[in-house]
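In: fold the following and give me the result.
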Amino acid sequence: MPDGADAVVMDLRGFSAQRMGCDFELRELAARLRGEQVVLVVDGSTDRALLDATLGSMWRPTAVEVPHERTRQADAAFEALLRAAG
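Out: Model prediction:
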């Protein structure tokens, strides 16, 4: 993650105890950015209790729920973000 990032969008759809690969990145974001600078994309497959436990009570990023029927639009938005980031 660039130290000069103004904001970060992170896809946590499917985050669960079996898919905790984002744990390190979440901790790095918490150490470097204020919660209001981070947007987490979640859906029904996101284990919200585990996510809350991972984040702790002192750092609260914005979570945006993507309904299942909007998954293709969310995927397209992430692809556009990745292209824009170079």
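
In: just the pLDDT at V9, thanks.
Out: The model reports V9 with a pLDDT of 88.

In: isn't there a strand covering it?
Out: Yes: the assignment for V9 is a strand, going by DSSP: H, G, I helix; E, B strand; the rest coil.

In: beta partners of it?
Out: Assessed by DSSP bridges, V9 has beta-bridge partners V39.

In: so it sits right up against A84, yeah?
Out: No: V9 lies out of contact with A84 (Cβ atoms under 8 Å); the separation is 11.1 Å. Bear in mind the C-beta positions are built from the backbone N, C-alpha and C, glycine included.

In: the more surrounded of these two?
Out: Using other Cβ atoms under 10 Å as the criterion, V9 and A84 rank with V9 on top: 14 against 7.

In: and the more buried one, how far from A49?
Out: 22 Å (Cβ to Cβ, to the nearest Å).

In: do the same with E69
Out: Separation of E69 from A49 (Cβ to Cβ) stands at 24 Å.

In: let's verify A76: helix, strand, or coil?
Out: Secondary structure, three-state DSSP: A76 is helix.

In: what does the helix or strand hosting L81 contact?
Out: For L81, the host element (DSSP states H and E) is helix 71-85. With Cβ atoms under 8 Å, 6 or more residues apart in numbering as the test, helix 71-85 has contacts from V9, D11, R13, V41, D43, V66.

In: try stretch 42-60
Out: By Cβ under 8 Å, 6+ apart, stretch 42-60 touches 12-17, 20, 23, 26, 30, 35, 40, 61, 63-68, 71, 74.
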